[in-house]
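**Q** only geometry, no sequence info:
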C-alpha cells in the first residue's frame, strides 16, 4: 500500500516536471515518440529531445557555444524568435512521411534572419543512419526516428539554421557528441552563404556582356546590309548569328567528309550536358533503391539520361576519328 502510494506520488511529480518543460509545444509538426513511465505516457518531439540533449555539450567556451546556448534557452522559454529559427531547420519526420531522404529547411529565411546578436547561418548536416546496423548497441535502444531512417536509406541530409559565428568544425564536434548517444554517426557538416561576386567575377561578366553586345550589333548590321544589298563587313560577319547559323546548318558535300560525325558529336554533347545536370539533381536524393516510391528511378527516360557516361566515350571516339582524318590529309599533301 505504502509502496504503491509512493510510486503514485513520484509519477505525479515526474509528470508535473515534464509537462512544465513542454507546456508550450513548438509550432512544428515533428516526429513524436512516447515514454511509458509506469502507465504515464509522455510525448516528446524529436526536436525537443535533440535540443535538450545538445545543451549538455555546450559549455560556453566559444562564441558559437554562447549563441547556441542562447538559442536553446530561448526555445525552452518558447520565445518567438527561437521558434522562428527552429522553423527554418529541416524536419526529418516530414521527410520520412514523404518517403524522402532530405529536408533542407529554409535557406533564404535563415540567412536573412537577425535577432540581437544572433545572425542566421545555413548549414547541411549528413547523418549516416545506416551505421546503426553495425553498432554493438541494440538497435531497439536507438532513437525511433533513426530506426526509421535505417530502413530507408544509407544517409539523410537535413538543413540547419545556426548562429553565423559558428564554424563547420565546431558544429561537427558538438553534433558528433550529440548524435553518438542515438547510435547514429554524423557525416560532414557544410555551411553555405549567399552568392557574392568578386572582382574577377565582374571582369568575366564584363567580357561576356561585351561579346553579347558585339554579336547583337553584328547581327543587326548584317541584316541591315543585306536589305540594302550592300556587302557585309567580314569582321562583323564572323560574329553575326545569321552567318554562323547558316554555316552550322549547311551540309558539306565533300565526299572525303564523314557527314554523320558532326551530328553524332552534337547529340552526344547534348546527352552529356543533360546527364550531368540530371546527376547533380539526383545526387541530392541519395541511394533510393529501397524507397517505396521508385517511379523516377524506374523511368525509361531517366535511365537513358543516367547512362550519359556512354556518350562521353562516343564523343571522344568521334573527336579521335576527326583528328586522325585531318592528320592523314596532311600526310597526303
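**A** Thanks, I have the structure now. Remember, predicted model here, so these are calculated numbers, not experimental data.

**Q** hey, which strand is longest across the protein?
**A** Using DSSP state E, we find that the single longest strand of the chain is strand 118-128.

**Q** Neighbours of the closest residue to residue 113 other than its chain neighbours, how many?
**A** Closest residue to residue 113 apart from its sequence neighbours, by Cβ to Cβ, 6 or more residues apart in numbering: residue 120 at 3.9 Å. Just so you know, the C-beta spots here come from the backbone N, C-alpha and C atoms, and that holds for glycine as well. Residues near residue 120, counting by other Cβ atoms under 10 Å, number 21.

**Q** shift numbering so it begins at 367
**A** Yes, from this point I'll number from 367; that puts the last item at residue 486.

**Q** Contact partners for residue 486?
**A** Contacts for residue 486 were tallied using Cβ atoms under 8 Å, 6 or more residues apart in numbering; they are 451, 454, 475-480, 527-530.

**Q** Residues contacting stretch 616-636, please?
**A** Residues outside stretch 616-636 that contact it (Cβ under 8 Å, 6+ apart) are 677-678, 680-681, 684-685, 687-688, 691, 695.

**Q** how about it: buried residues?
**A** Neighbour-count burial for stretch 616-636 flags 630-631, 634 (criterion: 16 or more other Cβ atoms under 10 Å).

**Q** So for that stretch, first residue to last residue, what's the gap.
**A** Taking Cα to Cα, to the nearest Å, stretch 616-636 runs 20 Å from one end to the other.

**Q** got it, and stretch 542-562?
**A** 31 Å.

**Q** how about the strands in the stretch 417-566 of the chain?
**A** Remark: strands assigned in the stretch 417-566 of the chain by DSSP state E, counting those that start in this stretch are 468-469, 480-481, 484-494, 522-529, 551-558.

**Q** Each with direction, which strands does the longest one pair with?
**A** Paired with strand 484-494 in the same sheet, following DSSP bridges, are strand 480-481 (antiparallel), strand 522-529 (antiparallel), strand 551-558 (antiparallel).

**Q** Find the nearest non-adjacent residue to residue 645, please.
**A** Leaving aside its sequence neighbours, residue 645 sits nearest to residue 672 (Cβ to Cβ, 6+ apart; 7.2 Å).

**Q** same check, this time on residue 478
**A** residue 486 (6.8 Å).

**Q** circling back to that earlier point, relative to residue 640, which of the strands of the stretch 417-566 of the chain is closest?
**A** Residue 640 lies closest, by Cβ to Cβ, to one member of the strands of the stretch 417-566 of the chain: strand 468-469, at 22.8 Å.

**Q** partner strands of that closest one, parallel or antiparallel?
**A** strand 522-529 (parallel).

**Q** and the end-to-end length of stretch 590-608?
**A** 12 Å.
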